[in-house]
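Enquirer: My questions concern the predicted model and sequence given below.
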Amino acid sequence: MTGFGKQNMAVLVLREADDISAALQRALDTASAEERPGLERALALTAEAGAVPDAELRGRWALRRMASAGYDGPPGAVAGVKALRTAERGLSLLQAVNLSKDAEAVQAAEPAAP
């Protein structure tokens with residue numbers, strides 16, 4: 001029977017970009033000419049942050065957690081999954097494997113260092 005074990009994903013992505021955008025828009029609506037450029041830039045940055053896919057956010061998080069465990073190798077390697085489970089003891093093996101896949105995708109999308 002399925003559905004009664006551990007959850008498939010322990011990392012919950014929380015987004016408040018919409019609330020922040022609304023607050024920035026309200027501030028922009030009443031802003032002085034001096035304040036407008038900064039608020040417009042902040043609104044644009046908030047829109048960019050809100051557009052990042054959940055998988056990318058999970059992958060970034062997983063890479064940071066692996067690094068905190070002292071691991072800097074390939075995220076999808078067995079050692080990477082182990083490092084992630086060491087850093088986050090509550091993760092199941094399946095969760096850690098899925099997060100390591102997200103981390104691999106993030107790493108693959110990054111431009112190569114010169």
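Expert: Cool, the structure landed. Numbering: from 1, shown residues only.
Enquirer: What residues of stretch 63-73 count as buried?
Expert: Within stretch 63-73, the residues scored as buried using 16 or more other Cβ atoms under 10 Å are Leu63, Arg65, Met66, Ala69, Tyr71. For the C-beta atoms, the positions are set from N, CA and C on the backbone; glycine is no exception.
Enquirer: Excluding chain neighbours, what is closest to Arg15?
Expert: Gly50 (6.4 Å; Cβ to Cβ, 6 or more residues apart in numbering).
Enquirer: which one among the buried residues of stretch 63-73 gets closest to Arg36?
Expert: Leu63 (36.5 Å; Cβ to Cβ).
Enquirer: ok, and what's touching the helix or strand containing the closest one?
Expert: For Leu63, the enclosing helix or strand under DSSP states H and E is helix 54-68. Helix 54-68 is contacted from outside by 9, 11, 13, 72, 75, 80, 83-84, 87-88, 99-100, 102-107, 109, using Cβ atoms under 8 Å, 6 or more residues apart in numbering.
Enquirer: Which ones among those map onto helices?
Expert: Secondary structure from DSSP state H places 80, 83-84, 87, 99-100, 102-107, 109 of the contacts of helix 54-68 in helices.
Enquirer: Now distance to Asp18 and neighbour count too, for the residues you listed, in a markdown table please.
Expert: Below are the ones in helices among the contacts of helix 54-68 laid out as a markdown table (distance: Cβ to Cβ, whole Å; neighbours: other Cβ atoms under 10 Å):
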| residue | distance to Asp18 | neighbour count |
| --- | --- | --- |
| Gly80 | 33 | 24 |
| Ala83 | 34 | 24 |
| Leu84 | 30 | 25 |
| Ala87 | 30 | 18 |
| Leu99 | 25 | 28 |
| Ser100 | 30 | 25 |
| Asp102 | 23 | 23 |
| Ala103 | 26 | 27 |
| Glu104 | 29 | 18 |
| Ala105 | 25 | 16 |
| Val106 | 23 | 19 |
| Gln107 | 29 | 15 |
| Ala109 | 25 | 9 |
